[in-house]
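1. 3D, please:
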Amino acid sequence: MSEISITVNGVDQTVNVDPAMPLLWVLRDVLGATGTKFSCGIGECGACTVLIEGQPVRSCITPVSSVSGKKIITIEGLSPDGSHPVQKAWITEQVAQCGYCQPGQILTAVALLASNPNPSEEEIAKTMAGVLCRCGSYPRILKAIHRAYAEGGA
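-> Numbers count the residues shown, from 1 in each chain. Predicted structure coming up:
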């Protein structure tokens, strides 16, 4: 066990865990940030995506020791009242069906718009293909990202 300092959703945290523990389990089981989802466990599906220093990262394969001292944003910390432009666009476009992949989808879209405020459909499709949606709501995801850009970006 080691004490590891991280900043989650703007709050400095010190956790006493195995340094190899995946960030996903630290967030969910130690800190109670259950919006971050477990799905494949091998970093392929994207349901567990969080932002680390603004970049989308698969938390299921990221050892907590590798993010010591870094700023982490989970879906809970993006906007507690749901007022982030991407969250609002998601609601307006009725993207979610089962909702399981949505935290990873939304945080990936936020990172995309932060690095590329007006992405083409091809750029959106390429970026968002890394987060699997079993319900197939990709056309609505595309619309929501365009709407988020039009209404204020990331």
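2. spatially nearest residue to residue 138 (excluding sequence neighbours)?
-> Nearest residue to residue 138, sequence neighbours excluded (C-beta to C-beta, 6 or more residues apart in numbering): residue 128, at 7.0 Å. Every residue, glycine included, has its C-beta placed from N, CA and C.
3. you'd agree the one you found is up against residue 141?
-> Yes. Between residue 128 and residue 141 there is a contact at 5.7 Å, judged by C-beta atoms under 8 Å.
4. which one of those two is surrounded by more residues?
-> Applying other C-beta atoms under 10 Å to residue 128 and residue 141 shows that residue 141 carries more neighbours, namely 26 against 21.
5. quick one on the thing from earlier: list residues touching both of residue 128 and residue 141?
-> Contact criterion C-beta atoms under 8 Å, 6 or more residues apart in numbering; residues bridging residue 128 and residue 141 by contacting each: 105, 109.
6. low pLDDT regions in the chain?
-> Across the chain, the ranges flagged by pLDDT under 70 are 153-154.
7. that one: strands as residue ranges?
-> Along the chain, counting by DSSP state E, strands occupy 2-8, 11-17, 49-52, 55-58, 71-73.
8. looking at the ones you listed, which is buried most?
-> Among the strands of the chain, the stretch with the highest mean neighbour count (mean count of other C-beta atoms under 10 Å) is strand 49-52, at a mean of 24.
9. output the contacting helices and strands for that strand.
-> Helices and strands touching strand 49-52, by 3 or more C-beta pairs under 8 Å, 6 or more residues apart in numbering; DSSP states H and E, are strand 55-58, strand 71-73, helix 102-115.
10. now do that strand: everything it contacts.
-> Contact with strand 49-52 is made by 23, 27, 36, 56-59, 62, 67, 70-74, 103-104, 107-108, 110-111, 131, as judged by C-beta under 8 Å, 6+ apart.
11. can you do 7 Å?
-> For strand 49-52, the external contacting residues (C-beta atoms under 7 Å, 6 or more residues apart in numbering) are 36, 56-59, 67, 70, 72-74, 104, 107-108, 110-111, 131.
12. and these, which two are the farthest apart?
-> Greatest spatial distance among these (C-beta to C-beta): 70 and 131, at 21.1 Å.
13. mark out where each domain of this protein begins and ends.
-> According to automatic domain parsing, the chain comprises the domains 2-78, 85-150.
14. and the helices in this protein, which stretches?
-> 23-25, 75-78, 85-92, 102-115, 121-128, 138-150 (DSSP state H).
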